[in-house]
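> Got a predicted structure here, sequence first:
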Amino acid sequence: MASATQPPVTAPTARLGQGISSAFARLVRRPEAGSFLGMIAVFVFFVLAAGQVFVSPAGFASWLNVAAEIGIVALPIGLLMIAGELDLSIGAIIPASSLTVAVIAGFFGLPDGVAVIAALGLGLAVGFVNGTLVNRTAVPSLIITIGTMFAVMGLTLGLSVMVTGSTSASLQPAPQAKALLGQFVGGMFQITIFWWLGFVAVVAYILHVSPIGNWIYALGGDRISARNAGIPTERLTVGVFMLSGLCAAFVGVSQVMVYQSAQVAGGQSFIFNSIMCVVIGGVLLTGGFGSVLGIVLGTITFSMVNQGIYFTSFDPNFGSIIIGALLLVAVLMNDTFRQMALSYTSKKKT
Amino acid sequence: MTHPVLELRNVNKSFGPIDVLHDISLSVKAGEVICLLGDNGAGKSTLIKTLAGVHKPTSGEMLMDGAPVSFARPKDAADRGIATVHQFGGTFPLMTIGRSFFVGVEPTKGFGPFKIFDRKTANAVAVKAVQEFGITRIDDGDRLIGGLSGGERQSLAIARALHFGARVLILDEPTAALGVKQASHVLRVVMEAKKRGVAVIFITHQVTHAMAVGDHFAVLIRGALAASFAKGEKSRDEITDLMAGGEALADLDAHLDDAAATVS
Ligand SMILES: Nc1ncnc2c1ncn2[C@@H]1O[C@H](COP(=O)(O)OP(=O)(O)OP(=O)(O)O)[C@@H](O)[C@H]1O
Ligand SMILES: [Mg+2]
């Protein structure tokens, strides 16, 4: 964020003191304040518990690869949550898009590009249906997207068995497609990490730079007032759900490119994991508050716990306990920081 | 003579089988404050939502400057200069002052499709607009709305409406739940709007507030216009009676008297 110019202060010590306190005040009222501290704590914990290997390139790669895949879905889930909505159908879109690619390119032998476009189109279409249903009915998006999740899952299973006779399909991606979407950079870093960075940039632009971001906050703050203020709330809702479908489909595509096979099951874990990343990242479950940086930090924290546990001598099952505890602490801490943000008044005039 | 800025002629509104407004005719001129009074559920909010383009009238005519108008969406009304501060909401507690001030009409800089929300301008304009109304305690556009007091929020919402060139300002119970001092702040903002030649429709349950700013009073009872009178035509007590549905009570008395007369 751009820093406001400080008024000139005569005594240098006073300026320093004011600089620090105003920097602190600025940090504290940002949605990601809590998640930043959480990430540092988790990082330090695993450096101490796992030692050198956690900070080696392989250590970084292990959680970055996980973070990239969840992160790409967590971004639009965060936007939706800020807008006051949820999307569980991503859990079905991911395997559906993987299978779409594997069936079209692997089974029928059509070009990879065609398969990828079809898969992304599928994600957009499911998002469109979700958004439209949310607009047309008064049913909460939680319920609507559970419905579409089961519908997509059933269709995927049915069509896959009908066409290929099995619930999985394999794919031998063309070299360009593999290089673009499925390669390991330096032998260990999934290319998905770089795609994630790209998605972060785009979503950060949407939420924090473009006027649409303001609409999304307003939508989550108070839907009716947002509509009364002249925001095209229905188009906006459909748009965000389509973004969510697109991102989930993209993760499905990159998974099939990396692992070269696709199953009907799989993808369910993304539902809870992405919601957890977003909440740990300081997004308010009931909408209206949150930031892209927070979502990214939450994703990193989640992935570090998820993978870091394997580098320690603990039973990996303890990882889930840490994640559960982290979620609680994160929500409590974020509540505290939000209160501080609300009660923040501008620099005290002495 | 010039036309009233906004005029309703025989407007009815029903939600399915429920008739909420009956045959309302009302007009407001520039620089005039109309107080809309009535008991809970009388239809005040419904009436102003119809004016604001949230609801479409079931029948009847709406005119601006003498020409018929019809609003499909709230934005249509806003584009014609009808600004509404609704009873509930209207502000976004977790947004900054600058951001919420410009919701729906964000100032942007940048080129082509790459529009950038201009935070600096938004903050500066918002703070200046509120300060012009004497709310000098608001001096940082980055503060969150939720941290402001009720009166400051209302004043901000009104300042916002006026900033975007409102010709008609509709306020739904802006002084409800406010302390004496906060309420007087809001009333002062209303007077300032009137001075600028804005037509104001002001809803309140408090007679004191109504009498402080109103030029004209309209009383709704069960969706019908029960009384309409200018400032000074009725006493404070009469207005209080009307607001409590006094005419209906008077009717009831008459019926009882009739009944008593036939019995004896
Ligand atoms: N969308 C709607 N559908 C059905 N009935 C409605 C709707 N909106 C309002 N009503 C009914 O219309 C009547 C008038 O409501 P309205 O909100 O206009 O009252 P009000 O005069 O503003 O009351 P208050 O002083 O409590 O704010 C109520 O009986 C209400 O139940
Ligand atoms: Mg009302």
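That came in fine, so what should we check first? Ligands and ions are numbered 1, 2, ... in the order given.
> For the rest of this, base every contact and every neighbour count on C-alpha atoms.
Fine.
> got any ranges where the stretch 51-200 of chain B has weak pLDDT?
B:87-91, B:112 (pLDDT under 70).
> That one against chain A: which residues are in contact?
Contacts of the stretch 51-200 of chain B with chain A, taken as C-alpha under 8 Å from any C-alpha of the partner chain, map to B:54, B:74-75, B:78, B:89-95, B:99-100, B:103-104, B:106-108, B:114-117, B:139-140, B:143-147.
> Just the buried ones from those, in PyMOL syntax?
Those of these that count as buried under 16 or more other C-alpha atoms under 10 Å in any protein chain shown are selected in PyMOL with:
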select buried, chain B and resi 54+74+75+78+90+91+92+93+94+95+99+100+103+104+106+107+108+115+116+117+139+140+143+144+145+146+147
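> Next, report how far stretch A:267-277 is displaced from the centre of its chain.
9 Å (C-alpha atoms, centre = their mean, to the nearest Å).
> Please point out which parts of it sit buried.
Buried residues in stretch A:267-277 (16+ other C-alpha under 10 Å): A:Gly267, A:Gln268, A:Phe270, A:Ile271, A:Asn273, A:Ser274, A:Ile275, A:Met276, A:Cys277.
> In three-state terms, label the closest residue to the first one other than its chain neighbours for me.
I take that to be A:Gly267. Counting by C-alpha to C-alpha, 6 or more residues apart in numbering or on different chains, A:Gly267 lies nearest to A:Gly91, which is 4.8 Å off, once chain neighbours are set aside. Following DSSP: H, G, I helix; E, B strand; the rest coil, the label given to A:Gly91 is helix.
> How about the contacts made by the closest residue to B:Pro107 other than its chain neighbours?
Nearest residue to B:Pro107, sequence neighbours excluded (C-alpha to C-alpha, 6+ apart): B:Asp118, at 5.6 Å. By C-alpha atoms under 8 Å, 6 or more residues apart in numbering or on different chains, the contact list for B:Asp118 reads B:Glu106, B:Pro107, B:Thr108, B:Lys109.
> cool, A:Thr100 as well?
A:Ala115, A:Ala118, A:Ala119.
> ok, the helix or strand containing the last one near chain B or not?
Here A:Ala119 is covered by helix A:112-136, with elements defined by DSSP states H and E. No: on the criterion C-alpha under 8 Å from any C-alpha, helix A:112-136 is out of touch with chain B, staying 15.8 Å away.
> So what's the residue count around whichever residue of chain A sits closest to ligand 1?
Per C-alpha to the nearest ligand atom, A:Ile224 is where chain A lies closest to ligand 1, at 12.4 Å. By the criterion of other C-alpha atoms under 10 Å in any protein chain shown, A:Ile224 has 17 neighbours.
> so how far is B:Phe92 from it?
11 Å (C-alpha to C-alpha, to the nearest Å).
> next one: B:Gly147
From B:Gly147 to B:Phe92 the distance is 11 Å (C-alpha to C-alpha).
> pLDDT at the spatially closest residue to A:Ser35 that is not a sequence neighbour, what is it?
Sequence neighbours aside, A:Gly281 is the residue nearest to A:Ser35 in space, at 5.1 Å (criterion: C-alpha to C-alpha, 6+ apart). pLDDT, A:Gly281: 92.
> Test my guess that A:Gly281 contacts A:Phe302.
No: contact between A:Gly281 and A:Phe302 fails when scored by C-alpha atoms under 8 Å: they sit 9.4 Å apart.
> Counting neighbours around each, name which of the two comes out higher.
A:Gly281 (36 against 30).
> how much space between the more buried one and B:Arg167?
Distance from A:Gly281 to B:Arg167, by C-alpha to C-alpha: 44 Å.
> now B:Ser25
For B:Ser25 relative to B:Arg167 (C-alpha to C-alpha), the value is 20 Å.
> which stretches of the stretch 1-150 of chain B form strands?
B:6-15, B:18-28, B:33-38, B:59-64, B:67-68, B:82-85, B:108-111, B:114-117 (DSSP state E, counting those that start in this stretch).
> Let's have those strands in TSV, adding distance to B:Glu192.
Output for those, formatted as TSV (distance: least, C-alpha to C-alpha, whole Å):
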stretch	distance to B:Glu192
strand B:6-15	20
strand B:18-28	17
strand B:33-38	11
strand B:59-64	23
strand B:67-68	27
strand B:82-85	16
strand B:108-111	29
strand B:114-117	30
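> now chain A, which segments are flagged as low pLDDT?
Using pLDDT under 70, chain A drops low at A:1-29, A:344-350.
> what sits against the spatially most central residue of it?
Against the mean C-alpha coordinate of chain A, by C-alpha atoms, centre = their mean, the closest residue is A:Ala74 at 1.2 Å. By C-alpha under 8 Å, 6+ apart, the residues touching A:Ala74 are A:Ser274, A:Ile275, A:Cys277, A:Val278, A:Ile295, A:Thr299.
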